[in-house]
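S.K.: model the following, please.
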Amino acid sequence: MSERTGLDDLFSFEEEAPPRTGRERGRRPRAALRTVVVAAAVTAVVLAGLRAVGLQVSIWIVVAGVLAVLAVRRVTAALSPPPPPRGGYRAPAGEEPGSYNWGARDALRAAINGWEVPLDWSATRPERFSKVVLPRLAELADERLRQRHGLTRESDPARARALLGDRLWTFLDTPPRRTPSPRDLAAIVAELEKI
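M.R.: Numbers count the residues shown, from 1 in each chain. Presented below is the predicted three-dimensional model:
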């Protein structure tokens, strides 16, 4: 348990590949067969065109060229962005043309907004802080305790209190009467990362 886990690691998400079905297993041989048929047809057309204009080129050079073009086409198709949604919706562009697609889903921005908006709302209303932000911080503390020490505040309160420290335990256990300052919140987060 010597690995250090930052709070941003808790926000990360790794998707597991779905299990392959019988239909998906049959697609690869069909795709390979289709590629061979297309390559043969394009090679025949190119060779016929070259011979019609009086050029003699080795069949293997033409086959290699056609396969290279098909491979580049497949790679660029896999790397191309998804098509725009139907219905006339156009994703807004950035401040300058081509600078950033603000319509794209940005996981870091979503995570920041997940904290920024509730913190902003709770700046003047301590009850909002106690109902929205404090439970999130408590979940982070419990997750951190679970990952590092195999317990939560509920499962082993005495050991959790010893690991969290009195200041952090009191902060998470008792709702504050006023919204903590940014400096206080930074100290709390630093204590959470030490767990």
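
S.K.: which parts of the protein are helices?
M.R.: For the chain, applying DSSP state H gives helices covering 7-11, 22-25, 27-52, 59-79, 107-121, 126-128, 134-149, 157-164, 166-173, 182-194.

S.K.: worst mean pLDDT among the ones you listed?
M.R.: Within the helices of the chain, the stretch with the lowest mean pLDDT is helix 22-25, showing a mean of 59.

S.K.: Throw the helices of the chain into a markdown table and include mean neighbour count, thanks.
M.R.: For glycine as for every other residue, the C-beta is placed from the backbone atoms N, C-alpha and C. A markdown table is the format used below for the helices of the chain (neighbours: other C-beta atoms under 10 Å):
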| stretch | mean neighbour count |
| --- | --- |
| helix 7-11 | 12 |
| helix 22-25 | 8 |
| helix 27-52 | 12 |
| helix 59-79 | 12 |
| helix 107-121 | 12 |
| helix 126-128 | 14 |
| helix 134-149 | 16 |
| helix 157-164 | 15 |
| helix 166-173 | 16 |
| helix 182-194 | 13 |
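
S.K.: per-domain residue ranges of this structure.
M.R.: For the chain, automatic domain parsing gives the domain ranges 28-79, 107-194.

S.K.: give me phi/psi at the nearest residue to residue 123 once chain neighbours are set aside?
M.R.: Among residues not flanking residue 123 along the chain, residue 179 sits closest, at 5.9 Å (C-beta to C-beta, 6 or more residues apart in numbering). With angles defined as degrees, to the nearest 10, residue 179 sits at phi -70, psi 130.

S.K.: looking at it, residue 179 is touching residue 120, isn't it?
M.R.: No: using C-beta atoms under 8 Å as the test, residue 179 is too far from residue 120 to be in contact (10.6 Å).

S.K.: list residues touching both of these two?
M.R.: By C-beta atoms under 8 Å, 6 or more residues apart in numbering, residue 179 and residue 120 have no common neighbours.

S.K.: that older thread, ok, so what distance separates the residue nearest to residue 123 from residue 44?
M.R.: With the distance defined as C-beta to C-beta, to the nearest Å, residue 179 ends up 75 Å from residue 44.

S.K.: same question for residue 190.
M.R.: Taken as C-beta to C-beta, the span from residue 190 to residue 44 is 69 Å.

S.K.: do the same with residue 56
M.R.: Distance of residue 56 to residue 44, given as C-beta to C-beta: 15 Å.
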